[in-house]
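> what's the 3D shape of this:
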Amino acid sequence: MLDPAAPDGTYRPTIDPRRWAPIEAFVTEIVDEAAPALPYSRASLLTAVAHHVAWVRAQTGPLTDRNAVFSREMIGASVADMAPATPSTKGRRRSILLRVGEALGAVDRASELPPLSASSSTTPYTRPERTGLRTWVELQGKSAMKRSLRALLALGFGAGLLTRELSDVTAADVGQGGNLVRINGPRARLVPVAAEWQAELASLASTAVASVDTLFRPGVPYSKNTVVDIVRRADGTTVVTTQRMRASWIVDRLVEGMPMHELIAAAGVRSLDAFVRYEKYLVPPMSPAFVSARD
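Alright, predicted model coming up:
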């Protein structure tokens, strides 16, 4: 935001200062160039551009091509990954960034993006996508990287945990045989692990150096971008989100017919309302799609 205490209206970013420092000059140059042609306040432009550029840099590394940074595809991906955010908030952010892209000549004024969806980040992974992610993990060259990514998938697909929760799970929090995971903190609970991930989780817990070590990125301080960071550092190009893994876990439990009171407790939610967004992904029990999903 703009700092009212500063006489020159200096921009004080709402993002981590460590992420702001490497992009400050780039962001300022973009806003200075685009602002005269746009109806938005400088504060709105700085906020939107700063968050977008920080996201792009986290995904792609050094910023070398501003047309690529403000391409409609990059803007669409950046806005879709704004979580949590309402569709209206995403819509405003997308409009600002598109206008910036147009002012820079990076976006054709006639181009269109697909409609925003309130649940775009909660689309379950398909079975082929899950198989692809497992293969990607196994192809990692560094053992520590592979181990953390194995934990990411096991806790994400196996227990539906979000970033903060899976980052805190230690070897001691895994039940015998990997059948349960204990979650501590404000939403403390026991989460049943999907059968296909129990052996993987048990293996990770039994081979940890110490029972107090976290399974995912042991020894690395938590940050909200910890998943994005490790995926960016990994070999190969892919996108993994805890939101979509959690969606996969929830939909799998709904398809299996897990009792609602048990699912509410395991997911750490307050009511059935939290599952309404997943209803469209459910299929009739005897449909070909259902049979395929179970195979």
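
> and the residue nearest the centre of the chain, what are its phi and psi?
In the chain, the residue lying closest to the centroid (CA atoms, centre = their mean) is residue 241, at 3.7 Å. Here is the backbone geometry of residue 241 (degrees, to the nearest 10): phi -130, psi 140.

> how far away is it from residue 97?
Distance of residue 241 to residue 97, given as CB to CB, to the nearest Å: 20 Å. In short, each C-beta sits where N, CA and C put it, glycine included.

> Please apply the same query to residue 86.
Distance of residue 86 to residue 97, computed by CB to CB: 17 Å.

> So between those two, which is more surrounded?
More crowded of residue 86 and residue 97, by other CB atoms under 10 Å: residue 97, with 25 against 11.

> Give me the secondary structure label for the more buried one.
helix (DSSP: H, G, I helix; E, B strand; the rest coil).

> what's the pLDDT at it?
For residue 97, the model assigns a pLDDT of 91.

> where exactly do the helices run in the stretch 151-295 of the chain?
Along the stretch 151-295 of the chain, counting by DSSP state H, counting those that start in this stretch, helices occupy 163-168, 195-206, 226-233, 242-256, 260-267, 288-294.

> Give me the mean pLDDT for the first one.
Per-residue confidence for helix 163-168 averages out to 94 on the pLDDT scale.

> same thing with the last one?
When pLDDT is averaged along helix 288-294, the result is 51.

> ok, the residue nearest to the centre of the chain to residue 77 distance?
To residue 77, residue 241 is 11 Å away according to CB to CB.

> Likewise for residue 105?
The value you get for residue 105 to residue 77, if CB to CB is used, is 20 Å.

> The two: who's more crowded?
The neighbour comparison of residue 105 against residue 77 (other CB under 10 Å) goes to residue 77, with 14 against 10.

> nearest residue to that one other than its sequence neighbours?
Distances taken as CB to CB, 6 or more residues apart in numbering put residue 59 closest to residue 77, at 7.9 Å, once the chain neighbours are dropped.

> For the helix or strand in which residue 129 is found, what is the distance to the chain centroid?
Residue 129 is part of helix 127-138, with elements assigned from DSSP states H and E. How far helix 127-138 lies from its chain's middle: 17 Å, per CA atoms, centre = their mean, to the nearest Å.

> So which other helices or strands are in contact with that helix?
helix 143-159 (3 or more CB pairs under 8 Å, 6 or more residues apart in numbering; DSSP states H and E).

> Show me what the helix it packs on is packed up against.
helix 127-138, helix 163-168, strand 180-183, helix 195-206, helix 226-233, helix 242-256.

> go again using 10 Å as the cut-off
The elements that helix 143-159 packs onto, with contact taken as 3 or more CB pairs under 10 Å, 6 or more residues apart in numbering; DSSP states H and E, are helix 127-138, helix 163-168, strand 180-183, strand 189-192, helix 195-206, helix 226-233, helix 242-256.

> can the ones you listed go into TSV with extra columns for mean neighbour count and distance to residue 214?
As requested, the helices and strands packed on helix 143-159 are arranged in TSV below (neighbours: other CB atoms under 10 Å; distance: least, CB to CB, whole Å):
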stretch	mean neighbour count	distance to residue 214
helix 127-138	14	17
helix 163-168	21	7
strand 180-183	20	12
strand 189-192	18	16
helix 195-206	18	10
helix 226-233	17	11
helix 242-256	21	15
